[in-house]
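# model the structure of this input:
(2 chains)
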Amino acid sequence: MYKASTGAPNDTYRVAQVANHGLLTYPHRLNFYDAPPLFEVTAEEFETSAIHRLHILSEIETSAARNRTWDELKKVTAIQCDQHLPLGHNIDKTEDLDGERRRDYLSHFVLRLAFCRSEDLRQRFVKAETTLFKLRYESDLINERASFLNSRDFNWIPVDATEQKLYAKELNSPYFGKTEAERLAEKYYKVKWTRVPDLVERRKVFVKKGWAYVPSREQSSIVFHEFETHLQRALEMTAKLIPRLDEDTRLIPVLDNLSRAFLNGISSEWTSTADAGNSETIKAEQVDSLAKKHFPLCMRTLHDNLQRDNHLKHFGRLQYGLFLKVLGLSVEEAIVFWRKSFSRIADDKFNKEYKYNIRHSYGLEGKRANYPAKSCQQLLTPGTSDHGCPYRNYSPENLQTALLSAYSSQGLRSSDLPEIMSYVKSSHYHVACTRVFELTHSTDGISKGEGLGGYENVIHPNEYAARSIALAKMKEEKVKEEPMVVE
Amino acid sequence: MEMDIGNDPTSTEVMLAFYRRLYPFKSIYNWLNHEHAPTRLFTHREFAFTLPGDVYLRYNSFTTADELKKQVCDLKPTRFEIGPVYSARPRDRKTVRAGALTPVLRELVFDIDMTDYDPVRTCCSEADICKNCWQFIAAAVHVLDMALRDQFGYEKLLWVYSGRRGIHLWISDKEAMELTDQQRKALVGWLTAVQAGKESSKKLNLHTGGRLSPSLQMALDYLNTIFGSLILSNQDCFLSEEGYEELLKVVPDAKVAAALRTKWESSPSRSSERKWVDLKKRAAAENFMPTLEDIIIQYTYPRLDAEVSKHRNHLLKAPFCVHPKTGRVCVPLSLDMIDNFDPESVPTVGQLLKELDKIKREEGDGAEVHSDWEKTSLKPYIDMLDRHAQSLMEVTRNEKRKSDMSW
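Model prediction:
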């Protein structure tokens, strides 16, 4: 067992550095993650490093679901990478190059444990990781990339001059790009065609008798495919071995949490209204108009049900009550609001049965805990309540009706529904919700792909509402200012 | 005992007699299994049965050819399909761990259907097929066969007539069986130039820098040789106004198109050949020869049903099944038979049973023999499958011997 500070998993990984970094444990920024980490890790580092990586992978998944272009994806992911898991080049004078790479290395393996357990998770993980690898490969410096490529055997056969001459006519096809002179000077590598399926699909290589002749500038295709199959195999292996693992009981819950977070978006504690810059309190009578303009579909349907039936069941009250609390409804106002809404219930019964619960949720009774509002992740987890996330729980027909009745006044048209439903169908519920936000806030200058502004996805109902209220306020202020400009 | 097979080629009595006396279960077994002793290639293989009344039974599997035969004779399906080799026995599907039943091996299969050629054929439409439009299929077969052998190096190809208006291809090479879905998709992408279905009349743009990719160039070299006879004289595709308008649509120069239109309108009987010559002259003068190559590909290049080939778990009708509408047996075809193949000449189940009755009358009612097909017109086709299966078994044997030597 190596200690993290001193150990190197493999001595061949050491190379001398020109800069005064001395010997690096991880000589390359790129990593194929061959050998699992053997150093000691604290339980906290185990979890936090994984969560950081998860932020990046979620962003990549969302981008794919939203059909972002490669450049957009690059930009958005770079932001997440810098924030959560920076990874410097060798020539960067970064203080802690090894530390960064160690975190990258560790977090990858933690997530492998979390995501090896079902075929669906494995596929999504492989896809996201491969994309991340591609991004890093592209942004790597040319000489560093070359030294990485030399450090591994990719099992490609260089095509010798006689063979190249034999297929000169075919290889010289303008179909394979560039000018004739460059094509003739190009070096080729021979691999089984099954290793470069993407090039084959686009007819970008010459294939003969099962061999693909890959020009050196398309070499990356081989590398990416190698990374993908390598990881796929490793995950399947891990999945087979995990039941037999001598497991630390502390880790299983962490792993469970991580895989759930990947499916449902990363949870965030949205606790204070001050974050969104509207620390004003809300009055009970404002709730109705706010609901109609600013609430996400989950809270909107709860509100509508409450108004229609003059009642909500326990978990519905809990979900909606905590949401309103975080939105800025004080406990006094909350009691007024619920009293009014439960119009068919006698004062006596209300005071006895409901008031306690409202005060409890504000931390004024019983355990006196300050309960946070439920995040999207909690609402998406099946079994917690009858209400949860409508994008997940409703049948497609009901969902479409609900969306139209809730948001058609804010600019949602039935022609937008197929797109939203396609996200729902592929289980990207938070993307569907984000898209609805974009559509209903297009007049506030939110365009497609921008999310809640700054490419953020909906991960908390309160975030949705707070962002919506903030946008409305900005618009109001603008309207106020404009006449003065004209004058 | 004369059976009434006049109207319904697929009544259960007819099917039972066919399966019991004619269907070559042993050959099918050898072909799927690649050796004599049962392996996973057969025991973990999915069979799906279509019963009369649209009942569809999936996830059947069998340990031997006899077991398969017994089940088929019990169920008397109108047809049955062959699926992939799974990681476990498909019939144990309900007892294995969830997710443990995944497709692992599968012949690479292709399906070409005449309906995809409807926009370019003039002789028949929809379900009909004649010797003339079979030439589209023949061209497709030659192009695919060439590409798969030359570019991908596959050798164990079995072409099977689908019983009505199409053809199936089963590739049993080890490397082909092992392809993942992703690789299959890539291979289909490589082979696809003309989209089947609604997109088929979309203008192609296959040239880069005035040249085709080497693989398409090779296909074109062949298609050039048949374009004249198939499209110009046989189908006479550009005779009608509708036909030549399609052609003029892809002419890149509007002035040229207009000039040709006036010329052709004035002589409605001008043949496709002469129109093609007109167009060729213009193309040479105006420098759009690549467009002509696109047109040749557009009209004659194989139109694949991509979904069939892309996924390992796609089921495909087994060879020697009977087509329920035509009664024709889905017989294998060799490459040299393709050009002169007449779909109408394929033995039907009714005809075969009559042949059997005749033999019986000549020989007297003896005991039922198992290889009854030996005496019918099905024999050459079954021999063909047997030879194909033999060559597969040869490969397996050689491999085993090689690994023995290394020991």
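# what residues does chain A have near chain B?
For chain A, the residues in contact with chain B (Cβ under 8 Å from any Cβ of the partner chain) are A:118-119, A:169-170, A:173-175, A:177, A:193-194, A:197-198, A:200-203, A:206-211. From N, CA and C alone the C-beta is placed, and that goes for glycine too.
# of those residues, just the buried ones, PyMOL syntax please.
If you want just the buried ones from those in PyMOL, going by 16 or more other Cβ atoms under 10 Å in any protein chain shown, the selection is:
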select buried, chain A and resi 170+173+174+175+193+194+197+198+200+201+203+206+207+208+211
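# which SSE is A:Thr131 in?
A:Thr131 is located in helix A:119-139, with elements delineated by DSSP states H and E.
# do B:Phe49 as well
Assigned by DSSP H and E, B:Phe49 belongs to strand B:45-51.
# can you tell me the strand partners of that strand and which way each runs?
According to DSSP bridges, strand B:45-51 forms sheet pairs with strand B:55-60 (antiparallel), strand B:79-86 (antiparallel).
# ok, for B:Lys185, nearest residue in space, not its chain neighbours?
In space, and not counting its chain neighbours, B:Lys185 is closest to B:Lys310: 4.8 Å by Cβ to Cβ, 6 or more residues apart in numbering or on different chains.
# where's that neighbour relative to A:Asp304, distance?
Using Cβ to Cβ, to the nearest Å, B:Lys310 is found at 45 Å from A:Asp304.
# and A:Ala369, how many residues sit next to it?
Summarising burial for A:Ala369: neighbours were counted as other Cβ atoms under 10 Å in any protein chain shown, giving 9.
# tell me the contacts of the nearest residue to it once chain neighbours are set aside?
If the residues on either side of it in the chain are set aside, A:Ala369 comes closest to A:Gly363, at 5.7 Å by Cβ to Cβ, 6+ apart. Applying Cβ atoms under 8 Å, 6 or more residues apart in numbering or on different chains to A:Gly363 gives the contacts A:369-371.
# so A:Gly363 sits in a helix?
No. The secondary structure assignment for A:Gly363 gives coil rather than a helix, going by DSSP: H, G, I helix; E, B strand; the rest coil.
# so how far is A:Leu322 from it?
In this structure, A:Gly363 and A:Leu322 are 11 Å apart, going by Cβ to Cβ.
# please enumerate the shared neighbours of the two.
Listed contacts common to A:Gly363 and A:Leu322 are A:Tyr371; contacts here mean Cβ under 8 Å, 6+ apart.
# and the residue of chain B closest to chain A?
Among all residues of chain B, B:Gly209 sits closest to chain A, at 2.8 Å; criterion: Cβ to the nearest Cβ.
# show the pLDDT at that residue.
Residue-level confidence at B:Gly209 comes out at 72, pLDDT.
# let me see the backbone angles for it.
With angles defined as degrees, to the nearest 10, B:Gly209 shows backbone torsions of phi 60, psi 30.
# can you give me the strands in the chain?
As the question left the chain open, I've gone with chain A. Assigned by DSSP state E, chain A shows strands spanning A:157-158, A:188-192, A:206-208, A:211-215.
# actually chain B
In chain B, the segments counted as strands under DSSP E are B:45-51, B:55-60, B:79-86, B:103-105, B:108-113, B:157-161, B:166-171, B:316-317, B:332-333.
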